[in-house]
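**Student:** Next comes the sequence, and after it the predicted model I'd like to discuss.
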Amino acid sequence: MGNPKQKWTAEEEEALRAGVAKYGKGNWKLIQRDPELSPFLFARSNIDLKDKWRNLSGGPGGNGSREKSRSAKPKPSTDGPQSSVVVKQTALPKPLIDDSSKSFTPNQYNEMIIEAISALKEPNGSDNRAIAGYIEQRQEVPQSFKKQLCSRLKRLVALEKLEKVHNRYKIRKDETFGMKTPIPKQKGMRPKQLQNTGHITSDAVEEASVTAAYFIAEAENKSFLAAEAVKEAERVSKMAEDTDSLLQLAKEIFETCSQGEIVLIA
C-alpha cells in the first residue's frame, strides 16, 4: 500500500498517463512493472493508481476535479438566513493518446507496399488484404494501419506507380521510375516561376522514395534467385561427382568379371 496522504508529483502523473496510454486502463500491475515507469510509480499501489486515474479522468467519486470544481459563493439574503449552493462542474475525461511509436511515415508505407507486392508475386496483382497481411506479419502496425494503407494505395495509383485492376494492385513495369524526359529550352524564353514549390518538392521526394523501394525489392528478389541458383549448381555438381564414382566402380567390376573372377558386392 502506498501512502495515500503523499501528494502526487507531476512526474508521477505523467508516468501514470503514459502507462494508461501504453497498456490501457485497469492494467495497473503491468504499468508498475514497466521498466520505464516503475522508477516513478514504485511507491504507489494498484489502488493508488486506480484512484489517481479516476481523479485525472474526472470519474465518479474522484477528487481530481476538486481543483476544477468550485463552490458558488453564498448569496446574501435580506429576509432570511444565508445559504450556500454548491455548483459541481464535471471535468471532461482526457482522451487517451495512441502510442505514436508504431506510426509510419508516407515513405515507409510506400516502401512496405512495394516490397509486399514484389514478394507476393501474384500474376493478377495483390489485393489490399494480401498486402496488409504481408506487412502485419513483419511489422507491428498502429490501429489506423488499414485506413492509412488504403490511402497510400490510392496515392500510388494516382502517381502512376501502381496499376489497379479489379481491386488488385500491380507494379507498373512500363513506368520508368524517377525518369522524366527533359523539355528543351527555347532561346529568349525566361523560365516560368514555379508555383506550389512545396507541393512539387513533396511529390518529387515521394516519387524518389517509391523508386528506391522498388529497386530495393527487385535487388532482394534477384539476390534470392542468385542464392537459389548457387545451391542448385552445387547440388548438380555433387550428383555429377557421385555419378563419376559409380561409373568408375562399374568399370572395375566389369574388368574383374571379364577376367573370370567373382566379385562380391556387400
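**Tutor:** Here it is on my side, so go on.
**Student:** got any ranges where the stretch 51-200 of the chain has weak pLDDT?
**Tutor:** Residues of the stretch 51-200 of the chain that meet the criterion pLDDT under 70 lie in 59-102, 174-200.
**Student:** Helices of that one, start to end?
**Tutor:** Ranges of helices in the stretch 51-200 of the chain, per DSSP state H, counting those that start in this stretch, are 106-120, 128-136, 145-158, 197-258.
**Student:** Include distance to residue 10 and mean neighbour count when you put the ones you listed into CSV, please.
**Tutor:** Just so you know, the C-beta spots here come from the backbone N, C-alpha and C atoms, and that holds for glycine as well. Output for these, formatted as CSV (distance: least, C-beta to C-beta, whole Å; neighbours: other C-beta atoms under 10 Å):
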stretch, distance to residue 10, mean neighbour count
helix 106-120, 34, 20
helix 128-136, 38, 17
helix 145-158, 33, 16
helix 197-258, 38, 12
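**Student:** of all those, which lies closest to residue 53?
**Tutor:** helix 145-158 (27.7 Å; C-beta to C-beta).
**Student:** Please determine how far residue 128 is located from residue 115.
**Tutor:** Note on residue 128: its distance to residue 115, by C-beta to C-beta, to the nearest Å, is 15 Å.
**Student:** follow-up on the earlier one: let's have the helices of the stretch 51-200 of the chain in a markdown table, adding distance to residue 16.
**Tutor:** Listed next are the helices of the stretch 51-200 of the chain as a markdown table, based on distance: least, C-beta to C-beta, whole Å:
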| stretch | distance to residue 16 |
| --- | --- |
| helix 106-120 | 31 |
| helix 128-136 | 31 |
| helix 145-158 | 27 |
| helix 197-258 | 39 |
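**Student:** Please tell me how far residue 202 sits from residue 246.
**Tutor:** Taking C-beta to C-beta, one finds residue 202 at 66 Å from residue 246.
**Student:** ditto for residue 264
**Tutor:** Shown here: residue 264 relative to residue 246, a distance of 18 Å by C-beta to C-beta.
**Student:** cool, and residue 43?
**Tutor:** From residue 43 to residue 246 the distance is 78 Å (C-beta to C-beta).
**Student:** do residue 136 as well
**Tutor:** Residue 136 sits 51 Å away from residue 246, going by C-beta to C-beta.
**Student:** for residue 48, same thing?
**Tutor:** Distance of residue 48 to residue 246, given as C-beta to C-beta: 80 Å.
**Student:** shouldn't residue 113 be in contact with residue 155?
**Tutor:** No. At 9.8 Å, residue 113 does not count as touching residue 155 under the criterion of C-beta atoms under 8 Å.
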